[in-house]
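**Q** Pasting a predicted model and its sequence here:
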2 protein chains.
Amino acid sequence: MKNYVVGVDVGGQTSKIGVVDVHGNILAQSVIRSDVYGSDADAFISALAEAVEACVKASGQDDIRGIGVGAPNANYYTGQICNAANLAWAANKTVDFAAMLSEKLGGLPVSLTNDANAAAMGEMAYGVAKGLKHFIMITLGTGVGSGIVVDGKLLYGSDGFAGELGHVKVVRSNGRLCGCGGQGCLEAYCSAIGLARTATEWLAASEEPSLLRSVEKITSKDVYDAAKQGDALALRVFDYTGRLLGESFANFVAFSSPEAIVLFGGLARAKEFLYQPMYDAMNENLMKTWKGKIQILFSQLKESDAAILGASALAWDL
Amino acid sequence: MKNYVVGVDVGGQTSKIGVVDVHGNILAQSVIRSDVYGSDADAFISALAEAVEACVKASGQDDIRGIGVGAPNANYYTGQICNAANLAWAANKTVDFAAMLSEKLGGLPVSLTNDANAAAMGEMAYGVAKGLKHFIMITLGTGVGSGIVVDGKLLYGSDGFAGELGHVKVVRSNGRLCGCGGQGCLEAYCSAIGLARTATEWLAASEEPSLLRSVEKITSKDVYDAAKQGDALALRVFDYTGRLLGESFANFVAFSSPEAIVLFGGLARAKEFLYQPMYDAMNENLMKTWKGKIQILFSQLKESDAAILGASALAWDL
């Protein structure tokens, strides 16, 4: 048995690479740019393959079992990245990512999944979901992603795209336009961008005084800072966002009856403002059999490591 | 290998029993009352065991592999029926149904699941879901039930209660009170009772002429008959109900990415009025990757046989 794996987190701006042992220790890591290859997927994957080889060399280990990759719009079944708006070399086309990377690495096995699924794998292997067999990972970042774990395995569905919970509809009439082209999606309200948009809309709709009125282009960080200082409007924005998430979680529980909802990502760091409305709204909407029984857990992995660990966890099954 | 199984469908008024071969032929069947035992679960289960023995005898077969039972509020993991409002002998308590029935039948293995899960098993083994690995069964009857199939297996979740899609919230503010105690549940709008309630409410809220105005206590059958005669209000009630279902299906697809939604139950017979609004609303709300790709299938099993076949399908895994 080979004792080490490589985890790769492909992001819009940078991609992180790490060599990981069975205990989740990262023996060596590096970062390359993802955004300097234009539409040339082959060039990016070649650079990534070189960086992987250098990272393996730096780790001092050579018995590598395989490579796990987390990426936006990635499909576990096909090993492809399809129409990833944030990756110029994979926008509006399909890239045979796993096959191409494997070929450039002398046939080393490569397993690919979307970034939220990778995060779920990471939490299950090394994080707060250790020991859980049934949970739903929700990533609250620029977007809202999800990875659903059933009986200890990721739910991929018929085509590999299961678990797009950022795109369930939470507002049914005149909902906000979402990046996916739909209207009223959870992501349009409860991502970092959605939260900032709520604040911006509420400020425009009233004369209520708020610290946020002095900010030109409001970000989720601004809303967080204002809430920290007790700003009433900012606090209500978190309350609203938390409640929408909690109501949605209740629906998710009715689907797969998980032990826990696990939160990860930039916005999840606002636990102090999100947890209570989220927990209350979820329990108000749960059936009796689940009330008070479903945990809401927050990732405790270091964010810089979590993506690598998550992706690497995928490679143990290779 | 034993070549026959027994399927039992436990309902509020009657329970149906059948001996089934591997091809889904029902060799013998019988029916007993479920509602004449008061709160005495032991008395009902004794009567059921006797009826099973008689039915096996009548079938002329004795190599019975096991018994599959579908029942309301039944739990696959524990073999228990819990707080089943429609079964007097299992209301407000927990009955060790599978263990008790097995004991009365000399240790013959008994597997228990809720009725919507049993319906899903039946469709997969003998019905329109034959060959599908990923689908969601929605039963549209007095209530709305569901059975979720992932990779050819029922999704039970952490506690055996996964798949309560009748209780996802479809109306978020001032939603109708549901039998589960919650508000705004899919079941409160899209069950046979929910549909009749919509018609009743709409009649009260307007002066619009309708054939339904002459009906004293409107049932779903009345709304169906009126729609058949071209009644505009009745047609709009079906349109509204179908659209609510379709919007909900879109959210379900984002969860488990099934090949199909399969409909069963009394209200599913109104396919002519429900299908189009259901299909349109689902596709309007699906992400691009799924638009036009998810089938909505209607059960074609004879309703009297389907429940027995569904429950019996469970016993093949024993």
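**A** The structure has been received and is ready for your questions.
**Q** For the rest of this, base every contact and every neighbour count on C-alpha atoms.
**A** Noted.
**Q** who in the stretch 201-318 of chain A is up against chain B?
**A** By Cα under 8 Å from any Cα of the partner chain, the part of the stretch 201-318 of chain A that sits against chain B consists of A:250-251, A:253-259, A:285-288.
**Q** In TSV: the residues you listed, plus pLDDT, secondary structure and neighbour count.
**A** Output for those, formatted as TSV (pLDDT from 0 to 100; DSSP: H, G, I helix; E, B strand; the rest coil; neighbours: other Cα atoms under 10 Å in any protein chain shown):
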residue	pLDDT	secondary structure	neighbour count
A:Ala250	98	helix	26
A:Asn251	98	helix	25
A:Val253	98	helix	27
A:Ala254	97	helix	22
A:Phe255	98	helix	26
A:Ser256	98	helix	28
A:Ser257	97	coil	26
A:Pro258	98	coil	28
A:Glu259	98	coil	21
A:Asn285	96	helix	25
A:Leu286	96	coil	27
A:Met287	93	coil	19
A:Lys288	89	helix	13
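**Q** Can I get those residues in a markdown table including distance to A:Gly66?
**A** Formatted as a markdown table, those follow (distance: Cα to Cα, whole Å):
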| residue | distance to A:Gly66 |
| --- | --- |
| A:Ala250 | 37 |
| A:Asn251 | 37 |
| A:Val253 | 34 |
| A:Ala254 | 36 |
| A:Phe255 | 33 |
| A:Ser256 | 31 |
| A:Ser257 | 33 |
| A:Pro258 | 30 |
| A:Glu259 | 30 |
| A:Asn285 | 43 |
| A:Leu286 | 41 |
| A:Met287 | 43 |
| A:Lys288 | 45 |
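**Q** the helices in chain A, which residues?
**A** Remark: helices assigned in chain A by DSSP state H are A:41-59, A:97-104, A:115-126, A:186-190, A:192-205, A:220-228, A:232-256, A:271-285, A:303-315.
**Q** Which of these sits closest to B:Glu164?
**A** Across these, B:Glu164 has its closest neighbour in helix A:232-256 (4.9 Å, Cα to Cα).
**Q** helices and strands around the closest one, which ones?
**A** Applying 3 or more Cα pairs under 8 Å, 6 or more residues apart in numbering or on different chains; DSSP states H and E, we find helix A:232-256 packed against helix A:186-190, helix A:192-205, helix A:220-228, helix A:271-285.
**Q** in the last one, what's buried?
**A** Of the residues in helix A:271-285, A:273-275, A:277-279, A:281-285 count as buried by neighbour count, 16 or more other Cα atoms under 10 Å in any protein chain shown.
**Q** From B:Tyr77, how far out is the residue in the stretch 1-150 of chain A that chain B sits nearest to?
**A** Nearest residue of the stretch 1-150 of chain A to chain B, counting by Cα to the nearest Cα: A:His134, 5.8 Å away. Separation of A:His134 from B:Tyr77 (Cα to Cα, to the nearest Å): 14 Å.
**Q** So for these two, which sits in the more crowded spot?
**A** A:His134 (24 against 15; other Cα atoms under 10 Å in any protein chain shown).
**Q** OK, contacts around that one?
**A** Listed by Cα atoms under 8 Å, 6 or more residues apart in numbering or on different chains, the contact set of A:His134 reads A:148-152, A:256-260, B:157-158.
**Q** Same question for A:Met124.
**A** A:130-132.
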